[in-house]
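Chemist: Mind looking at a prediction? Sequence and model below.
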Amino acid sequence: MLDFSNASFSPETIEVMKAALDAAVATLPAPVGSAHVQAIAESILRTAKEGERDPIVLQRMALMELQISTRCDADPRT
C-alpha cells in the first residue's frame with residue numbers, strides 16, 4: 001500500500017471515504033479480490049488527500065483508475 005502516514009482526515013471525511021469505498025466495491029462483479037479493494041482504497045485516499053470530498057466523485061475516480069490499471073495489466077504489449 002502507498003504511504004499515507006502523513007495524511008490526516010476529519011471523521012466526516014473518513015465517513016465520506018468509507019461510503020465511496022463501499023459503493024465502489026459493491027459495483028464490482030463477484031468475487032472481489034483484495035487487490036481490487038486495495039487499489040480502490042488507495043485511489044480514494046489519494047483523491048481525498050488532494051481535497052475531494054464528494055463520495056460520488058471519489059467512487060468514480062477510483063473505479064476509473066481501477067479500469068485503466070486492469071486494462072494495462074492485461075495488455076500484452078506492456
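Modeler: Yep, it's here. All figures in this text were calculated on a predicted structure; none of them were measured in a lab.

Chemist: residues making contact with stretch 23-32?
Modeler: Applying CB atoms under 8 Å, 6 or more residues apart in numbering, the external contacts of stretch 23-32 come out as His36, Val37, Ile40, Ile44, Pro55, Gln59, Ala62, Leu63, Leu66. In short, each C-beta sits where N, CA and C put it, glycine included.

Chemist: Just want the most central residue of this protein.
Modeler: Ile40 (2.4 Å; CA atoms, centre = their mean).

Chemist: residues in contact with the closest residue to that residue other than its chain neighbours?
Modeler: Nearest non-adjacent residue to Ile40, counting by CB to CB, 6 or more residues apart in numbering: Ala62, 4.4 Å away. For Ala62, the contacting residues are Ala20, Leu21, Ala24, Ala39, Ile40, Ala41, Ser43, Ile44, Thr47, by CB under 8 Å, 6+ apart.

Chemist: What distance do you get for the third one to Glu50?
Modeler: This points to Ala24. 17 Å (CB to CB, to the nearest Å).

Chemist: okay, these two: which has more neighbours?
Modeler: Using other CB atoms under 10 Å, the more surrounded residue of Ala24 and Glu50 is Ala24, with 25 against 8.

Chemist: Out of the contacts of Ala62, give me the two with the largest separation.
Modeler: Ala20 and Ala39 (13.4 Å; CB to CB).

Chemist: Surely the residue nearest to the centre of the chain touches Met17?
Modeler: No: counting by CB atoms under 8 Å, Ile40 stays clear of Met17, with 10.5 Å between them.

Chemist: what about the residue nearest to the centre of the chain, helix or strand, and which?
Modeler: For Ile40, the host element (DSSP states H and E) is helix 34-49.

Chemist: Which is the succeeding secondary structure element to that helix?
Modeler: helix 55-74.

Chemist: how about low-confidence regions in the chain?
Modeler: Where the chain drops to pLDDT under 70, the residues are 1-3, 70-78.

Chemist: for the nearest residue to Met61 once chain neighbours are set aside, what are its contacts?
Modeler: Ranked by CB to CB, 6+ apart and with sequence neighbours excluded, the top spatial neighbour of Met61 is Thr47, at 5.0 Å. Thr47 sits next to Val57, Leu58, Met61, Ala62 when contact means CB under 8 Å, 6+ apart.
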